[in-house]
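A.B. asks: here is my input, please return the structure:
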Amino acid sequence: MPVVAAGLVAAMLPVFLLGTLSPRIGAELGLSEAGVGLALSIFFTAAALSAVPGGRVADRIGAGAALRVGVLAAAAAMAGVGLAVTGTAGLLVLLVGAGAALGLVDPGGSRALSAAVPLRRQGLAFGVKEASVPTASLLAGASLPLVVGWRASFVAGGVLAALIAAAVPRGLDASRARSHPRPPASSGTPAAAVFAVAAASALGGGAAVVGVTFLVPAALDRGWSEPAAGGLLVTASLTGIAVRLAVGLLADRRPGAERTLLAVALLLGAVGLAGLGTGPLLTAALLAVGAGWGWTGLAFLAAVRLDPDRPARAAGMVLTGLAIGGAIGPAGFGWIVTRAGFPRAWLLAAAAMAAAALLIGVAAHRARQAGDPG
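C.D. replies: Numbers count the residues shown, from 1 in each chain. Coordinates of the predicted model:
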């Protein structure tokens, strides 16, 4: 469903605009790399706190209403940043609202897809949904050479989000599609299985968000020009979009292999993150943002299949994990950069993503031993 992907673009755009335009924003508002990391952490903390309640709300009021309300909240937050923010405090308050909006939009979109898309195509559907995240970072990167002034970028993002909210149809998931068979539940406890996916998402998500949001500042630190750094983010984001679609198609061709594929993608992303410090920057960026941020559709797909009775709640748990990682990762990364530099910070981010790959790989192996798909 294009409207689901577009809604997630709108919900994620505030954080990627902040990360990409941080040099300009910092110059005007007095934010250091550590301050930008803290601001990103506040956004993801708000998303983490609102994700599971937002999933319950989406299961109750329906996907369409959840998407409309959430996207409108994101639009208001971006417009507020562009038009009214004069200091750090106002920026942080609006980022709290934007994070809470994500906690409603993402579970609502997952509910819509699980209700309306046949099982044999859900891998691609969730890949399309999650491809909207690097699309948001692509738009943020493109704003560097195309838009004069960071405030104009946020206002444009708010207008785009408002248009997306107006396009959300009513009755998006008025009833679960009876013609579509439902996935078999795990023989274990669904909540425990989903929790394992969420925990791996927290570790991997924190590292992945760092890779995307600090790629431009890191490229500038290594001597790249601002337009070239923005072009690098656009190229890496396009790779992330392609990877999300490719692994979704692969998951459809290999039913039950979502967690195994997830572990492989996380491991490749860890290699890319390790290379961002001193290795070839283009190759490392493609791996870090492509594979390292291309696995989230697999995580959401695994969660809704593990707990098909409550798809939005299951998706909310995964989003909580991603958001917790997003809250801790940027703040910690920014703190390390200010004290030890980018190379050491990238190595620690790579270690976190490798740990996520190990965690989800062990969970998939145990599921296969128990007779469940991995």
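A.B. asks: measure how buried Arg259 is and give me the count.
C.D. replies: Using other C-beta atoms under 10 Å, Arg259 has 27 other residues around it. In this view, the C-beta of every residue, glycine as well, is placed from N, C-alpha and C.
A.B. asks: kindly indicate whether it is helix, strand or coil.
C.D. replies: Of the three states, Arg259 takes helix under DSSP: H, G, I helix; E, B strand; the rest coil.
A.B. asks: Gly223 too?
C.D. replies: Going by three-state DSSP: Gly223 is coil.
A.B. asks: could we number from 21 for the rest of this?
C.D. replies: Fine by me, first position is 21 from now on; the one you just mentioned is Gly243.
A.B. asks: could you pull up phi and psi at it?
C.D. replies: With angles defined as degrees, to the nearest 10, Gly243 sits at phi 100, psi 0.
A.B. asks: and for Ala384?
C.D. replies: phi -70, psi -40.
A.B. asks: quick one: list the elements packing against whatever helix or strand Leu378 lives in.
C.D. replies: In this structure, Leu378 sits in helix 362-389 according to DSSP states H and E. Helix 362-389 is packed against helix 210-233, helix 235-241, helix 278-298, helix 331-360, with contacts defined by 3 or more C-beta pairs under 8 Å, 6 or more residues apart in numbering; DSSP states H and E.
A.B. asks: please repeat the previous calculation with a cut-off of 6 Å.
C.D. replies: Other elements packing on helix 362-389 under the criterion 3 or more C-beta pairs under 6 Å, 6 or more residues apart in numbering; DSSP states H and E are helix 210-233, helix 278-298, helix 331-360.
A.B. asks: let me have the ones you listed in a markdown table, extended by distance to Ile380 and mean pLDDT.
C.D. replies: Below are the helices and strands packed on helix 362-389 laid out as a markdown table (distance: least, C-beta to C-beta, whole Å; pLDDT from 0 to 100):
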| stretch | distance to Ile380 | mean pLDDT |
| --- | --- | --- |
| helix 210-233 | 4 | 86 |
| helix 278-298 | 5 | 91 |
| helix 331-360 | 11 | 85 |
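A.B. asks: tabulate these in JSON lines, adding columns for distance to Asp241.
C.D. replies: Listed next are the helices and strands packed on helix 362-389 as JSON lines, based on distance: least, C-beta to C-beta, whole Å:
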{"stretch": "helix 210-233", "distance to Asp241": "14"}
{"stretch": "helix 278-298", "distance to Asp241": "10"}
{"stretch": "helix 331-360", "distance to Asp241": "9"}
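A.B. asks: and of those, who's closest to Ala256?
C.D. replies: Ala256 lies closest to helix 210-233 among the helices and strands packed on helix 362-389, at 7.8 Å (C-beta to C-beta).
A.B. asks: contacts for the closest one?
C.D. replies: The set of residues external to helix 210-233 that reach it, using C-beta atoms under 6 Å, 6 or more residues apart in numbering, is 39, 157, 206, 286, 293, 308-309, 312-313, 319, 322-323, 326-327, 334, 337-338, 341-342, 344-346, 348-350, 353, 369, 372-373, 375-376, 379-380, 383.
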